[in-house]
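A.B. asks: sequence? don't have it. structure:
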């Protein structure tokens, strides 16, 4: 996936401390699933099945929860979810050129939905609290780096992810 792999890998490695590389961290697959859904397919389930190495397995009801079509695929769906949950200002700050607003783990959980958090927790083997804590620290930086022009990426730009 190129750019997306590079950005997520550097963010996970930077936050992992004692971990031996991003490939061993289940958050790689989670971040990829949240951000890299392709128009017309994949969605969260497809990405979890292929990303992160340690996620494996069947995806059940995960397909389409966050990914799918639209002008920005997974990122666009994520923006919509955050906006509907009342956290649109936070995610828009990550995309824009202003300082990234922090998001509390419980707010991130509300934006993603309890069902999604539960499924991600089960897939990664991480507790919900730990998963949300780590994602709330990494997701703003990853989104920020994927949108360096302060706007949603075009379909052509996403093709290089």
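C.D. replies: Looks like it arrived, so ask away. As the structure is a computational prediction, the values presented were derived from the model and not from experiment. Residues are numbered from 1 along each chain as shown.
A.B. asks: For the rest of this, base every contact and every neighbour count on C-alpha atoms.
C.D. replies: OK.
A.B. asks: what comes up buried for the strand or helix carrying residue 94?
C.D. replies: Using DSSP states H and E, residue 94 sits in helix 88-95. Neighbour counts using 16 or more other C-alpha atoms under 10 Å place 88, 90-95 of helix 88-95 among the buried residues.
A.B. asks: which residues are contacting that helix?
C.D. replies: 79-80, 82-83, 99-103, 140-141, 143-144, 146-148, 150-152 (C-alpha atoms under 8 Å, 6 or more residues apart in numbering).
A.B. asks: hey, which helix or strand in the protein has the poorest pLDDT?
C.D. replies: Ranked by mean pLDDT, DSSP states H and E, the weakest helix or strand in the chain is helix 43-50, scoring a mean of 39.
A.B. asks: quick one, the helix or strand that comes right after that helix and helix 88-95 angle?
C.D. replies: Following helix 43-50 in sequence order, the next helix or strand is helix 73-84 (DSSP H and E). Helix 73-84 and helix 88-95 are oriented at 140 degrees to each other (axes from the mean of the first three to the mean of the last three C-alpha atoms, to 10 degrees).
A.B. asks: buried residues in helix 73-84?
C.D. replies: By neighbour count on 16+ other C-alpha under 10 Å, the buried set for helix 73-84 is 73-83.
A.B. asks: Who are the packing partners of that helix?
C.D. replies: Secondary-structure packing of helix 73-84 (3 or more C-alpha pairs under 8 Å, 6 or more residues apart in numbering; DSSP states H and E): helix 27-35, helix 88-95, helix 105-112.
A.B. asks: what inclination does the first one have with respect to helix 73-84?
C.D. replies: Counting by the same axes, to 10 degrees, helix 27-35 points 80 degrees away from the direction of helix 73-84.
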